[in-house]
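Visitor: coords please:
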Amino acid sequence: MAMSADGKITSARREYPRFTSAYDRENMDRLRAEADALLVGAGTVRADDPALHVRSEKMREYRRSLGKPDALLRIVVSTTLAIDPASRFLREGPGARIIATVADAPAERHAALAALAEIWQLGHGRVDLGALLFRLKQRGVARLLVEGGGELNWSLLRDDLIDELHVTVAPCLLGGRDAPTLLEGEGLSMARQRRLRLIELRREGDELYGRWSVEREPGGA
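Guide: Below is the predicted model:
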């Protein structure tokens, strides 16, 4: 994820985030090249309609050198299946797509999307993310890159499913009480705060690049 110096991942108007450098975009491309699959929430698809593929030929070559197929497996989490069938996620680029949803998702939307992506029904009311990750592991996914948004990030943290956090801090300020942050949801109490261990911190120009491991919840699974 990338955020402003005051912790916002976009403006309160939910505009497409344009506050990081070309270096940051190359860094993200490298993370994609190293991953087996890429996961986003439906809100990110609706707001930004990202293509979700390795962009540069340089990084595609790097990906091949790692023995990985050209195309990432792409997954979106959506309880309501409110995804435009014409979205770039569903239409642009090769490779399999998976929509993780719930057993009680609207049947008419299921029918409209089933021809464009695999639809996995996992849980009732909200997607069972633990079951999703287990099934992806069975599919051969060893390294999953999550690109948000804040609600999906929160859900993964809530269920104790995050191993590492990569954050770019951009040299800008956005403000706004309604501007989204890295983690949305209901949040944790002070007693349940999740601790991080710094693995790497570096500066590139005026940007900071941090990598942390996420400690498991005490007594958790």
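
Visitor: And the helices in this structure, which stretches?
Guide: Secondary structure of the chain by DSSP state H: the helices cover 22-34, 42-48, 57-65, 88-91, 107-113, 129-138, 150-158.

Visitor: Look up the pLDDT of residue 48 for me, please.
Guide: At residue 48, the model reports a pLDDT of 82.

Visitor: so residue 162 sits right up against residue 214, yeah?
Guide: Yes: with contact defined as Cβ atoms under 8 Å, residue 162 reaches residue 214; the gap is 4.7 Å. Heads up, the C-betas are built off the backbone N, CA and C, glycines and all.

Visitor: Residue 202 is nearest to which of the helices of the chain?
Guide: With Cβ to Cβ, the closest approach to residue 202 among these belongs to helix 22-34: 10.3 Å.

Visitor: now the strands: where do they sit in the chain?
Guide: Under the criterion DSSP state E, the chain carries strands at the ranges 2-4, 37-41, 73-77, 97-101, 118-121, 144-146, 164-170, 196-204, 207-214.

Visitor: Quick check: buried residues in the fifth one?
Guide: The neighbour-count criterion (16 or more other Cβ atoms under 10 Å) identifies 119-120 as the buried residues of strand 118-121.

Visitor: Remind me what it packs against, helices and strands.
Guide: strand 97-101 (3 or more Cβ pairs under 8 Å, 6 or more residues apart in numbering; DSSP states H and E).

Visitor: circling back: export the helices of the chain to TSV and tack on distance to residue 13?
Guide: Conversion of these to TSV gives the following (distance: least, Cβ to Cβ, whole Å):
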stretch	distance to residue 13
helix 22-34	21
helix 42-48	11
helix 57-65	31
helix 88-91	21
helix 107-113	27
helix 129-138	29
helix 150-158	15
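
Visitor: and those as TSV, adding distance to residue 168 and mean neighbour count?
Guide: Shown next, in TSV, are those (distance: least, Cβ to Cβ, whole Å; neighbours: other Cβ atoms under 10 Å):
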stretch	distance to residue 168	mean neighbour count
helix 22-34	5	16
helix 42-48	16	20
helix 57-65	17	14
helix 88-91	23	18
helix 107-113	32	14
helix 129-138	24	15
helix 150-158	15	20
